[in-house]
Structure formats: structure tokens, C-alpha cells
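Participant: Need a 3D model of the sequence below.
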Amino acid sequence: MVKYTRTYEELPRGLSKMFKKIEPSIATSVKKHPRGRRTRYIVAYNGKDEPRGILEWSHRCARHFGRHNMPFLANMDTSVHHRGYGELLFNQFLSEIKYRFFLFCMDENAEQFWRHIGEKNGLTITTPFKSPWGTPALLMKKRKPL
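Facilitator: Next up, the predicted model:
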């Protein structure tokens, strides 16, 4: 079965209903985040055209998170018991951004996960500021080739 991704500028109609059938937690998490004109959605599909995960990002952070004019990874969620879709989504995201991006970690587990993923993909990771909740914001940069 071939896994693949598609990038959308608007969340396609009916996608949240499909997620609700497959993985209810994804359907609710996609609805929570504020959207802007520059929000993009990367959806991972299996070989049967069923969505198995989604990554939501924006070219500019929402106002209540601060005015950071760089790509902001807002949400990533994948179906339970289906391996490889998170990495597939993240690799597609990395291919679409130019140089740097940031995300907020909600707890220590999330921070450890994203640090691991960043190091695995050869990214430089710093924590230049904090989220509105006091948790770290990770700034990740692609390393410049020598």
C-alpha cells in the first residue's frame, strides 16, 4: 500500500467527517485551531484514499500567539496504530518551507518528541521565546550546506 500526501490551501469539505469515522481525535483537533488566509493543510493518505493524518501550518502565526512572521506548525495528528504517517507529513512540510519555522510544545513529552524529530532530520533547534502558556517554543532551522 502506497502512502502519499496532498497539500491544500483550504480544508476540503467532508474531510473532517472522514477523519471522524477513522480517528475522532483528529477531527476535533483540526476544528480547534484558528485559521488564516495563509493556512495550509498537508493530509496523509493510505493506498485506499483514506486520510490517516493531517499537519496544519501557516506562513504567519495567529495574533494571540504573538506576531512571528515565519512558518508556524500549528497541529499534527495521525491515526492510532498506523505507523509512518507522522514522518511522511513532517517530511512533506520540510520540503514546503524555505528555511526556518517554529512550534509550541504543550508539555515535556511534546518537547522531547519534537527535539528527537528535529535532530533526526538534521535541524538546528533553539528556544528563543515561550508560548503564552509558559511552555517552550522551538525554533527549528535547516542547516546550511557546507
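
Participant: Helix, strand, or coil at residue 106?
Facilitator: Put simply, residue 106 is coil when judged by DSSP: H, G, I helix; E, B strand; the rest coil.

Participant: wait, isn't it in contact with residue 135?
Facilitator: Yes: with contact defined as C-beta atoms under 8 Å, residue 106 reaches residue 135; the gap is 6.1 Å. In this view, the C-beta of every residue, glycine as well, is placed from N, C-alpha and C.

Participant: Compare neighbour counts for those two and give me the winner.
Facilitator: Shown here are residue 106 and residue 135; by other C-beta atoms under 10 Å, residue 135 has more neighbours (16 against 11).

Participant: what's the burial count for the nearest residue to residue 4 once chain neighbours are set aside?
Facilitator: Once flanking residues are discounted, residue 4 sits nearest to residue 45: 5.7 Å by C-beta to C-beta, 6 or more residues apart in numbering. Using other C-beta under 10 Å, residue 45 has 17 neighbouring residues.

Participant: let's number from 55 now, not from 1
Facilitator: Right, with 55 as the first residue, what we last looked at is residue 99.
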